[in-house]
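Participant: fold the stuff below for me.
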Amino acid sequence: MVDPARFESLILEFERAWQSGDQPDIADFVRRSGEGVERNRLLIELACVDLEYCWRHAASAKMSPTRTLTDYVALFDEARSFNDLPLEIIEEEYRVRCRFGDRPSHESFVSHFKGRRAEVALRLGKVDRELRDEDDAGASTRSAHVESRPRTQRRSDPDPRAPLSFSDYSLQEMIGAGRMGKVYRSWQRSLERTVAVKYLRKSFQANPDAVERFVNEAKVVSQLRHPRIVRIDGLGRTPAGGYFIAMDFVDGADLSTHLGVEPISIQGAVGWTMQACQAIEHAHRRGIVHCDLKPGNLLLDGDGNVRVTDFGLARSMDEDSRTFDRIEGTAAYMAPEQVSPWWGPITGQTDVYGLGAVLYALLTGVPPFQGATLADILAQVVSGVKVIAPIEMRPDLPSPVNEICLRCLAKSPDDRYEDARCLHEALRVTT
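Facilitator: Coordinates of the predicted model:
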């Protein structure tokens, strides 16, 4: 187990050393960790931080990076070569090389991992999807007007919105990472159970918009209690002032891991979409629109059932969505009204589009619209370009399922199903 306060303080100190211009010694930090920190867990986290700073610095200085996987082998007792390193470090080198370096091909990268090629290739696909999502989120954000924002909470300020005790959670393993945060499988001491803990990245802690979005996710989802929605227990703060969300641990992969691997059965695609409909119907009854439905936000639990997660972009149905000041979402799965208010306000039918886009991807292996750039995709979403009918890519698809999918993806919200309940009923009739 990891002592969370000690764990975070060491990583924070390590990052500050890099930020001050000094390249810190990982071995020294591990020696200083004492008995309260699990050695390998700390090594993995420090190595991931080290790789990012090293490659980012090298890119800005136009020089060769000073760290590669080989440099970490001696730190892990069980590693005889970098082929034996933990997958998280292997993932991170690929990630930073794509962001700041030579963008290696899958073929060239996995060739170094004899005996682990399939395992590593699967992880690279996951990183590629995360990088695409990060690019979508970063490039699609644009300022249309300036509005007042609440000041960022200082670390010393207590926050009544974040009552959970950080010391109650022991970090065990990082199970996910995205643009906004990292998720860890953790042990909750007080209730003696495994949970997931999502941390807002330190780079966003001073960003009022990011903090409010993170806090809002905890507030919104804590009101939702449904077997198809990943339950959130609440919000807390770390000793250094960072925010975290504690939630149910779902021991399974998201649906994006199934895309492109092998064809998903029509029955499976329809069944998973119907389960997602049940979750979204529950959210809509409570006035919440998800706004970021995609295969990566649909988890499969141990029984193979869908659990909807990541309400970070959720909106209230009472909100005047025509005055939003940025484009938010994942481009390939966004409804036209999320890109341009010309198409109307964001409503429950926005999620109907998202559910249809998920169904489309599960049936065909690709999202409704694709393009070489983000601008290409968004242009197709808001223009008169029609989506290719899924039956053209999958001739065995029953006509009713094809028609349901296309109706969900209608450009005008008025041409879609009225709500998730109506979509669920239409799909039920086809089974």
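Participant: quick one, helices of the stretch 51-200 of the chain?
Facilitator: Ranges of helices in the stretch 51-200 of the chain, per DSSP state H, counting those that start in this stretch, are 87-100, 106-110, 117-139.
Participant: buried ones in stretch 259-275, by neighbour count?
Facilitator: Neighbour counts over stretch 259-275 (16 or more other CB atoms under 10 Å) mark Leu259, Ile264, Ile266, Ala269, Val270, Gly271, Trp272, Thr273, Met274, Gln275 as buried. Where C-beta positions appear, they are placed from N, C-alpha and C, glycine not excepted.
Participant: can you add mean neighbour count and distance to Lys62 and give the helices of the stretch 51-200 of the chain back as JSON lines?
Facilitator: Formatted as JSON lines, those follow (neighbours: other CB atoms under 10 Å; distance: least, CB to CB, whole Å):
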{"stretch": "helix 87-100", "mean neighbour count": "20", "distance to Lys62": "11"}
{"stretch": "helix 106-110", "mean neighbour count": "14", "distance to Lys62": "22"}
{"stretch": "helix 117-139", "mean neighbour count": "16", "distance to Lys62": "22"}
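Participant: spatially nearest residue to Trp18 (excluding sequence neighbours)?
Facilitator: Tyr53 (4.2 Å; CB to CB, 6 or more residues apart in numbering).
Participant: no wait, Ile90
Facilitator: The spatially closest residue to Ile90, leaving aside those adjacent along the chain, is Val120, at 6.1 Å (CB to CB, 6+ apart).
Participant: in the stretch 251-400 of the chain, which spans are helices?
Facilitator: Using DSSP H, counting those that start in this stretch, the helices assigned to the stretch 251-400 of the chain run over residues 266-285, 336-339, 348-364, 374-382, 390-393, 399-408.
Participant: if you compare these, which one is most tucked away?
Facilitator: Comparing those by mean neighbour count (mean count of other CB atoms under 10 Å), helix 348-364 comes out on top with a mean of 26.
Participant: relative to helix 374-382, how tilted is it?
Facilitator: Interaxial angle of helix 348-364 relative to helix 374-382 (axes from the mean of the first three to the mean of the last three CA atoms, to 10 degrees): 110 degrees.
Participant: tally of neighbours for the residue lying closest to Leu298 once chain neighbours are set aside?
Facilitator: Spatial nearest neighbour of Leu298, chain neighbours left out: Leu255 (4.6 Å); criterion: CB to CB, 6+ apart. As a burial measure, Leu255 scores 24 neighbours (other CB atoms under 10 Å).
Participant: ok, Leu255 touching Asn305?
Facilitator: No: counting by CB atoms under 8 Å, Leu255 does not reach Asn305; the two are 11.6 Å apart.
Participant: Val220 sits in which helix or strand?
Facilitator: If you go by DSSP states H and E, Val220 is part of helix 208-222.
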